Every structure is written in structure tokens, then in C-alpha cells.
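Asks: Predicted model follows, preceded by the sequence.
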Amino acid sequence: MQTEKATDRTIKVVPIERRNAADLPYEKFLREYVIPNRPVIIKDAMPQWNALHRWTPEFFKSRFGAEEVDVTYGGVKMSMAALIDAVLASTAEKPGPYLHKVIIHQHMPQLLPDLSPENAYGFPRRYCSPLMPKRFRRPDGYLKLLIGGVGGKFPLMHFDGDNANAMISEIYGDKEFVLFSPEDTPNIYAHPETLTTSQIDDLVNPDLEKFPLLARAVQYRGIIQPGETIFVPSKWWHSARVVSTSISVCTNMLDRVNWNGFVAESCNPRIVKSAPTRVVKAAYLHAIGAVMSAVETWQKWFPHGALSRKLSYVSPISSLADSRRKMLLESSRS
């Protein structure tokens with residue numbers, strides 16, 4: 001464990017655990033990280049991706065230069081060419097924009113072949129299911145494109161909605177992550193109106209006079225490089241800072257482990273005002289969760305059976321069983 005000084009207090013810093021994909025089969029990943037809700041950085045997680053060889057700032061400028069994209073500040077749009085120029089000019093003192101609103105299958109589906117076959121550790125699982133209510137159905141896990149320059153960062157420290165796990169895979173450049181466990185939530189100063197985001201906007205030089213409880217929290221830190229992916233479990237607060245011009249992608253995952261939290265968040269009285277509606281919605285989500293659990297168990301017991309292949313459409317348990325998921329993804333685009 002390391003320590004860092006901030007004003008007159010000491011902040012504890014713990015390196016995020018690192019593993020090599022060659023020594024981490026998927027079932028072991030589930031057992032050691034997903035189920036206990038522990039973060040990990042995995043090396044060589046997606047060596048098959050053409051994106052690792054093709055995606056550079058120049059690639060995006062030449063291929064998508066004229067396309068307008070949303071940038072971090074205030075609903076402003078700019079061309080991809082202008083964004084790339086600003087990203088390349090970004091410095092720690094004057095950070096440029098950070099692209100995080102491009103949903104690949106919606107806005108730039110031409111990129112999808114460069115991300116195939118998908119990251120074996122980071123596929124959407126229950127988000128793929130046709131049983132999911134339409135507003136929650138994300139057959140690609142809401143796959144996002146992230147581009148930023150030195151000093152750039154995601155605008156808010158947060159944890160992902162839906163009680164979802166997240167997987168961020170680095171393609172170009174280096175990016176540093178800072179995570180806080182759910183147990184430290186009382187020390188993170190969540191916004192009163194948006195409980196998934198923090199009021200703390202600077203973790204490099206935090207204001208411990210304004211946020212004194214932050215000194216009680218433990219920071220988990222790690223830098224991911226091209227070909228590496230970081231697993232951010234549900235309810236873990238996280239923020240990212242670009243170390244060198246960075247291109248990465250992010251996806252969300254939902255399965256039986258974080259399902260009850262998903263139901264609770266979806267039926268939060270702040271979101272669903274009517275008590276009878278909450279009861280009905282919770283009952284439905286628990287019911288389809290039970291169905292998906294049964295389907296997943298069957299696939300695990302009989303992985304090579306014809307019925308398992310058919311049932312994988314309802315709730316796939318591995319990225320290898322994704323042909324029917326891809327059918328659903330195609331239908332979602334139409």
C-alpha cells in the first residue's frame with residue numbers, strides 16, 4: 001500500500017490487481033472477481049482485435065473527420081477532425097475535450113468488425129436477453145468509444161447505472177483509473193439529486209477542506225495500456241485520467257450476481273413514484289431473472305447440447321454463444 005499527501009492528511013493508495021489473460025480462464029474470472037465484486041486489470045484480453053493495429057487519432061480524423069460528435073462540455077458538437085486536433089493539443093495544464101458519448105453500434109457501426117470477436121471477459125450477458133424490458137435492452141452492452149488527450153478525463157467521478165459491471169478496454173495510449181469501493185460511498189460525497197455521481201471533481205489535488213471524509217477512503221489505482229482491459233465492478237466509484245493520447249471502448253455487463261441490485265435500482269422510489277407500479281415492476285424483473293438463471297444453469301450443465309445453443313438467445317453465458325445475440329443486435333438497429 002502506498003500513501004499520498006493531500007494538505008495535512010494522508011490518502012491511502014492501493015494498486016489494482018493485475019492478471020494475464022493466459023492464466024485467467026473465464027470461469028476463474030467469474031469466481032475470483034465478478035462474484036466477489038473485485039476490480040482487476042487483465043493483460044492481453046483481446047489480442048484478436050484489429051482495432052489494436054488500426055485505431056489511431058489519424059485513423060479517426062481521416063475516416064470520420066467530417067462527422068459531428070458530442071463533446072464533454074455543455075452539449076457542444078464538433079467535427080471528429082476538430083476533436084482529434086484538440087485531443088492532440090491537450091495538455092495537463094489545458095486539457096482538451098474527452099469524447100464519451102459515441103455509442104458505436106448507433107453512431108459508428110463501421111467500427112464493429114475491428115472489435116470482433118468480442119472481449120471474452122466483457123460481453124453484455126443479460127443485457128442481450130429479449131426478456132429484458134426494451135429500455136434496458138443493450139445487445140452490445142452499450143459499447144462506447146472513448147477518446148481523450150493528455151490531462152483529459154471523464155467529466156464526473158461516478159459508478160455505472162443499472163448496478164452494472166463495466167469493462168474498459170484500452171486500444172491506443174495509456175489511461176489511469178482511480179477506483180473507490182462501495183464501502184467508501186459515505187466518503188465520496190454523492191450528489192443529492194444524482195446518487196451515481198460524486199461532487200469531487202479533482203482526484204489529483206483533492207480539496208480535503210471541502211471534502212474531508214475523502215481522506216478516510218482507500219484509492220485503488222492502475223494504468224491500462226493497449227491490449228489491457230479493466231473490470232470495474234458494480235457500485236465501484238471510478239474516474240479516468242488520460243496519461244497519453246488515448247482511445248478505448250467501454251461496455252456494461254449484467255448477470256445473476258448483480259441482478260438484485262439492478263432490480264432495486266430500477267424500482268427506486270425516486271424513479272418509480274407509484275408504489276403499486278414498483279411492486280409490479282419488481283415482481284416482473286425478479287420473474288424474468290429467475291427464468292434467465294434457469295437458462296444459464298442449463299447452459300452450464302449441458303454446454304454442448306442443441307437446446308443450450310437455442311437457449312443462449314434468452315441469456316448467453318459466454319461470448320462464444322453470441323450468434324443469436326448478434327441477431328438481436330441486428331434487429332435493434334432496424
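Replies: Here it is on my side, so go on.
Asks: ok, His304 - contacts?
Replies: For His304, the contact set (CB atoms under 8 Å, 6 or more residues apart in numbering) is empty. For glycine as for every other residue, the C-beta is placed from the backbone atoms N, C-alpha and C.
Asks: Surely it is within a strand?
Replies: No: counting by DSSP: H, G, I helix; E, B strand; the rest coil, one finds His304 to be coil, located in no strand.
Asks: Please report how far Gly149 lies from Pro95.
Replies: Applying CB to CB, to the nearest Å, the value for Gly149 to Pro95 is 7 Å.
Asks: Neighbour count: these two, which is higher?
Replies: Legend: neighbour count by other CB atoms under 10 Å for Gly149 and Pro95, higher for Gly149 (26 against 19).
Asks: The more buried one: what's its closest spatial neighbour, skipping adjacent residues?
Replies: Ser90 (2.6 Å; CB to CB, 6 or more residues apart in numbering).
Asks: Quick check: that neighbour touching Gly173?
Replies: No: contact criterion CB atoms under 8 Å: Ser90 and Gly173 do not qualify, at 11.4 Å.
Asks: anything in contact with each of these two?
Replies: Jointly contacting Ser90 and Gly173 under the rule CB under 8 Å, 6+ apart are 242, 245.
Asks: pLDDT weak spots in the stretch 1-150 of the chain?
Replies: 1-9, 73-74 (pLDDT under 70).
Asks: meant to ask about the stretch 201-334 of the chain
Replies: 320-334.
Asks: hmm, try it at 90
Replies: Scanning the stretch 201-334 of the chain for pLDDT under 90 picks out 201-208, 269-272, 303-306, 308-334.
Asks: in it, which spans are strands?
Replies: 218-224, 229-232, 237-242, 246-253 (DSSP state E, counting those that start in this stretch).
Asks: Just tell me which of those ends up closest to Val291.
Replies: Among these, the nearest to Val291 by CB to CB is strand 246-253 (18.7 Å).
Asks: which strands and helices sit next to the closest one?
Replies: Secondary-structure packing of strand 246-253 (3 or more CB pairs under 8 Å, 6 or more residues apart in numbering; DSSP states H and E): strand 144-148, strand 165-172.
Asks: Just the residues contacting that strand, thanks.
Replies: By CB under 8 Å, 6+ apart, strand 246-253 touches 51, 55-57, 60, 104, 115, 119, 122-125, 127, 138, 140-149, 152, 160, 162, 164-175, 224.
Asks: ditto for stretch 266-282
Replies: For stretch 266-282, contacts defined as CB under 8 Å, 6+ apart pick out 136, 162, 263, 265, 285.
Asks: tally of neighbours for the residue nearest to Gly149?
Replies: 20.
Asks: Counting neighbours, which bits of the biggest helix by length in the chain end up buried?
Replies: Longest helix of the chain, by residue count under DSSP state H: helix 275-301. For helix 275-301, the neighbour count (16 or more other CB atoms under 10 Å) marks 278, 281, 285, 288-289, 292, 295-296, 298-299 as buried.
Asks: got these as JSON lines, with distance to Asn20 columns?
Replies: Below are these laid out as JSON lines (distance: CB to CB, whole Å):
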{"residue": "Arg278", "distance to Asn20": "45"}
{"residue": "Lys281", "distance to Asn20": "42"}
{"residue": "Leu285", "distance to Asn20": "37"}
{"residue": "Ile288", "distance to Asn20": "36"}
{"residue": "Gly289", "distance to Asn20": "33"}
{"residue": "Met292", "distance to Asn20": "31"}
{"residue": "Val295", "distance to Asn20": "31"}
{"residue": "Glu296", "distance to Asn20": "27"}
{"residue": "Trp298", "distance to Asn20": "31"}
{"residue": "Gln299", "distance to Asn20": "27"}
